[in-house]
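Q: have a look; sequence and predicted model below, questions after that.
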Amino acid sequence: MDEIQIDSFRQQLLELRSELINLSSTSDDAAKPVELDQSAVGRLSRMDAMRAQGMAIEAKGRREDQLLRIEGALRRIAAGDYGVCLTCGEEINIRRLEVDPTYTQCIMCADK
Ligand SMILES: [Zn+2]
C-alpha cells in the first residue's frame with residue numbers, strides 16, 4: 001500500500017470517528033436509567049421504555065467497540081504497520097480494507 005492509499009484510509013477513519021463521537025453525544029440520553037414513576041408511566045409504556053433503553057445501551061456498546069477499533073487502526077497507521085495482518089504478518093488485501101478499514105486480519109486468518 002502506498003502513502004496516498006494509507007492517507008485516504010486515515011481520512012476515512014477520522015471521519016468515522018467524528019461521526020461516532022457526534023452520535024454518542026446525542027443518543028446517550030436514551031441509555032439513561034428508566035424513571036420508575038408509576039403515576040406518570042403505565043406498565044406497558046414502562047416496558048417499552050426499558051426495551052428502548054436496552055437497545056440504546058446495546059448501540060452504545062457497539063459504538064464504543066467501533067471507536068476502539070478505529071483508534072487501533074489510527075495507531076497502526078501512525079506506527080507504520082497499518083494494513084498488515086496481526087496474525088500472520090502478510091498484507092491485508094486493500095479491497096478488504098475498503099469494506100472496513102478497521103480490519104486487523106487478512107481474509108485467510110479471519111476465516112479460521
Ligand atoms: Zn493473516
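A: Sure, I can see it.
Q: quick check: longest helix of the chain.
A: Counting by DSSP state H, the longest helix found in the chain is helix 43-79.
Q: put the alpha carbons of the helix or strand following that helix into CSV.
A: Per DSSP states H and E, the first helix or strand lying C-terminal to helix 43-79 is helix 94-99. This file holds the C-alpha atoms of helix 94-99, laid out as CSV (Å, rounded to 0.1, in the frame of the first residue of the first chain):
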residue,chain,number,x,y,z
ILE,A,94,-6.9,-3.4,0.1
ARG,A,95,-10.4,-4.4,-1.1
ARG,A,96,-10.9,-5.9,2.3
LEU,A,97,-9.9,-2.7,4.0
GLU,A,98,-12.2,-0.7,1.7
VAL,A,99,-15.1,-2.7,3.1
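Q: what's the average pLDDT for the longest helix of the chain?
A: Averaged across helix 43-79, the pLDDT comes to 92.
Q: appreciated, that's everything.
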